[in-house]
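> take this sequence and fold it.
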Amino acid sequence: MMPQAVSNLQEGQNDLLSLGQAFQDRCRQFAPRIAHNVPIDKERRDFTYTDLYERVFRYAGALWDLGLRRGDKVCLFSENCYEWGLVDWACQTLGLVLVPVYPTLPAEQAQFIAEDCGAKIFICGSETHQGRVEKAITIRKIQLKDGHDSIDHLSQSPSLSREAWEAEIAAGKPDELATIIYTSGTTGNPKGAMLDGRAFVWLSRAVRTSLPIDENDVFLGWLPMAHVYERFAGHILPTLCGAKICYARSLATLADDMATCKPTIMLIVPRFLESMRDRILDGVKKAPPMRQKLFHAMLSAGTAKLHGKSPLLHGLLDKLVGTKIRERTGGRLKFFVSGGSALPMHIYEFFGAFGLPVMQGYGLTETCAASSFNEPGRNKPETVGIPVQGIQFKIEADGEICIKAPSVMRGYFNQPEATAAAIDDDGWFHTGDIGVWVGEHVKITDRKKDILVLANGKNVAPQPIENKLRESEWISEAVLLGDNQTYVGALIVPDFDRLSKYCKEHGIKLENPEDAIDHEPIKQLIKADIDKTNKTLADFEKVKRFELIHARFSIETGELTPSLKVKRKVVKAKFEDAIKRLFKES
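This next block holds a predicted model:
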């Protein structure tokens with residue numbers, strides 16, 4: 001068992017530790033507290049920090065017995081699970097470099113990552129994952145938790161002694177390479193961002209200077225741990241705070257998991273809140289007329305209060321309606337943390353109206369996720385917040401945001417030219433995002449490479465317009481085009497599920513949901529929302545033509561990155577004919 005000892009380090013010394021040492025220190029300090037709540041079969045089981053330390057020791061022993069030594073690369077190709085986190089911490093204690101592979105990636109992309117980083121072993125989360133890469137991955141493959149040769153099975157009787165393991169932890173250095181996280185690759189093969197342990201340890205301390213996070217918090221983990229957002233903010237940060245992490249069973253059970261685990265902080269992406277809002281509104285439509293009136297009265301009053309007004313009856317309406325909405329999240333949520341894509345204002349207002357604040361933040365794989373965020377009491381939802389203490393931001397003459405901090409990557413693995421292009425001689429990382437200052441807050445306006453230059457020389461920033469279009473209940477994705485053209489056009493991916501319901505309600509027969517867009521009433525429905533958006537735009541920004549796409553964008557079919565960003569290059573290639581129709585008279 002681990003010695004029951006409190007940390008003998010001051011908070012300010014944490015950034016002098018390796019990531020493995022910081023983990024050990026926190027397990028000692030918070031030994032009896034609950035570290036994880038894990039779904040096992042049909043029940044949930046608590047594991048203390050002492051339990052966590054013991055399990056990580058055994059997993060480290062399994063990796064050691066596989067012949068892995070300091071500096072070796074380990075690929076992990078798995079859905080989220082408790083064991084995912086055990087492998088990560090085991091790697092950090094041994095000085096191994098964990099290279100996560102998104103669980104939805106096709107075989108050829110997983111193959112590229114494994115070969116590019118030079119992994120010694122490829123851990124598969126399930127037989128399905130192993131089957132997907134059986135032919136593509138030539139290095140040794142081993143399952144995470146199924147079978148007699150799995151990591152979990154090997155961890156039951158490791159040969160590594162505790163003394164030898166803790167000697168490996170003691171040998172760790174803060175600037176040791178902790179992980180290589182491959183970027184989404186919207187324009188080509190992904191690049192491996194190299195992050196030191198110092199980046200995670202330093203950033204965990206820096207974030208806590210602004211956000212009220214401590215050992216009393218409960219996080220609900222459900223976003224992909226292979227992504228830097230969840231890896232840092234939902235896995236490493238809460239552990240280094242001594243907080244509790246509840247693992248969601250699946251996306252399908254997330255509503256029940258929220259009610260059961262009662263999180264105080266939850267990381268989300270805007271699409272999740274959009275879906276949650278839709279489910280709430282669909283339920284309201286089926287409610288008796290009086291309940292519908294109460295709901296909309298609360299929504300109106302709550303929105304007014306959110307914007308600093310003092311609406312009548314707000315307190316009563318909140319007790320009748322707001323409390324029930326908050327109960328859907330477990331009733332203890334302090335705030336949602338939103339990342340991954342822009343937060344639509346109507347989403348912020350909807351949840352804020354019911355006392356569920358949404359704090360938008362900003363960061364990239366290359367900056368170890370969080371670089372700025374909105375703070376309680378200083379929330380400007382149209383921005384991505386205030387730079388984290390110790391992180392420097394500057395905005396270049398062309399509008400590009402640059403960041404300098406200990407949390408910035410050391411570079412791209414085996415790509416010195418790409419590294420030199422991204423990080424200048426003074427240590428500034430060039431994000432490729434365009435932004436402006438709004439007081440002390442930062443506002444993202446677009447991606448530098450995405451700016452459309454029309455034939456008349458006008459520049460159009462597509463992302464704000466695309467975000468407005470996606471506020472339509474009928475539109476799932478919008479991709480603006482118009483480089484060297486005389487006007488702006490858009491490829492529109494409809495929300496086929498909503499349109500299918502609409503068609504059923506209006507007597508339009510469909511063989512497949514995708515057939516909805518072949519009907520003129522549906523085209524007019526979508527056109528009406530595009531026209532509504534156009535009224536808010538300058539004339540040269542207006543969407544003059546649009547094409548409806550029958551296909552749904554997904555990671556598997558290649559149009560979306562694992563973090564759900566649109567791959568414009570792929571979209572342009574796949575839908576070349578539709579684009580030609582958009583601009584056939586240009």
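
> what segments of the stretch 451-586 of the chain are strands?
For the stretch 451-586 of the chain, strands defined by DSSP state E, counting those that start in this stretch occupy the ranges 452-453, 459-460, 475-481, 488-494, 543-548.

> mind putting the ones you listed into CSV with mean neighbour count and distance to Gly352?
No exception for glycine: its C-beta is placed from N, CA and C like everyone else's. Below are the strands of the stretch 451-586 of the chain laid out as CSV (neighbours: other CB atoms under 10 Å; distance: least, CB to CB, whole Å):
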stretch, mean neighbour count, distance to Gly352
strand 452-453, 16, 32
strand 459-460, 17, 30
strand 475-481, 22, 23
strand 488-494, 23, 28
strand 543-548, 20, 29
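
> so which of those is nearest Ala167?
Nearest to Ala167, of all those, is strand 475-481, at 52.1 Å by CB to CB.

> I figured Val408 hits Ala369, correct?
No - using CB atoms under 8 Å as the test, Val408 is too far from Ala369 to be in contact (11.5 Å).

> more crowded one of these two?
A direct count of neighbours by other CB atoms under 10 Å for Val408 and Ala369 places Ala369 higher, at 29 against 24.

> tell me which of the strands of the stretch 451-586 of the chain lies nearest to Arg328.
Minimum separation from Arg328 across these (CB to CB) falls at strand 475-481, 23.6 Å.

> quick one: that closest one to strand 543-548, angle?
Computed by axes from the mean of the first three to the mean of the last three CA atoms, to 10 degrees, the angle separating strand 475-481 from strand 543-548 equals 130 degrees.

> show me what contacts Arg410?
Counting by CB atoms under 8 Å, 6 or more residues apart in numbering, Arg410 touches Leu177, Met194, Leu195, Asp196.

> the third one: which element?
It stands for Leu195. strand 192-196 (DSSP states H and E).

> which outside residues touch stretch 49-57?
Contact with stretch 49-57 is made by 1-2, 4, 23-24, 26-28, 30-36, 47, 86, 89-90, 93, 155, 158, 162, 165, 242, as judged by CB under 8 Å, 6+ apart.

> sorry, that was for stretch 113-128
Identification of contacts with stretch 113-128 by CB under 8 Å, 6+ apart yields 66-68, 72-79, 81, 84, 87, 97, 99, 101, 103, 105, 130, 133, 137, 139-146, 151, 180, 182, 189-190, 192, 413-414.

> next: stretch 448-461.
Identification of contacts with stretch 448-461 by CB under 8 Å, 6+ apart yields 187, 398-400, 432-434, 445-446, 462-463, 480-488, 540-541, 568, 586.

> which of these are buried?
Buried subset of the contacts of stretch 448-461 (neighbour count, 16 or more other CB atoms under 10 Å): 400, 433-434, 446, 462-463, 480-482, 485, 487-488, 540-541, 568.

> of those residues, closest to Leu294?
Of the buried ones among the contacts of stretch 448-461, the one sitting nearest to Leu294 (CB to CB) turns out to be Gln463, at 36.8 Å.

> tell me who's in contact with the residue nearest to the closest one when sequence neighbours are not counted.
Distances taken as CB to CB, 6 or more residues apart in numbering place Asp446 nearest to Gln463, at 4.7 Å, with adjacent residues excluded. With contacts defined as CB under 8 Å, 6+ apart, Asp446 is in contact with Asp433, Ile434, Ala461, Pro462, Gln463, Pro464.

> turn the residues you listed into a markdown table, columns for distance to Ile123 and pLDDT.
Compiled in a markdown table, the contacts of Asp446 are given as follows (distance: CB to CB, whole Å; pLDDT from 0 to 100):
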| residue | distance to Ile123 | pLDDT |
| --- | --- | --- |
| Asp433 | 33 | 92 |
| Ile434 | 39 | 92 |
| Ala461 | 41 | 82 |
| Pro462 | 39 | 87 |
| Gln463 | 36 | 84 |
| Pro464 | 41 | 85 |
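
> now tabulate these in a markdown table and tack on distance to Gly339.
Formatted as a markdown table, the contacts of Asp446 follow (distance: CB to CB, whole Å):
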| residue | distance to Gly339 |
| --- | --- |
| Asp433 | 13 |
| Ile434 | 18 |
| Ala461 | 20 |
| Pro462 | 20 |
| Gln463 | 15 |
| Pro464 | 18 |
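
> wait, which of these is closest to His550?
Among those, Pro462 lies closest to His550 (CB to CB), at 22.1 Å.

> hmm, that closest one is touching Gly489, no?
No - Pro462 lies out of contact with Gly489 (CB under 8 Å); the separation is 10.9 Å.

> identify the contacts common to the two.
Leu480.

> hang on, the earlier thing: out of the contacts of stretch 113-128, which are inside helices?
With helices defined by DSSP state H, the entries of the contacts of stretch 113-128 inside them are Trp84, Val87, Gln130, Val133, Ile151.

> for the third one, which non-adjacent residue is spatially closest?
Of all residues beyond its chain neighbours, the one nearest Gln130 is Cys124 (3.9 Å), with distances taken as CB to CB, 6+ apart.

> got the phi and psi for the one you found?
Here the main-chain torsion angles of Cys124 (degrees, to the nearest 10) amount to phi -110, psi 130.
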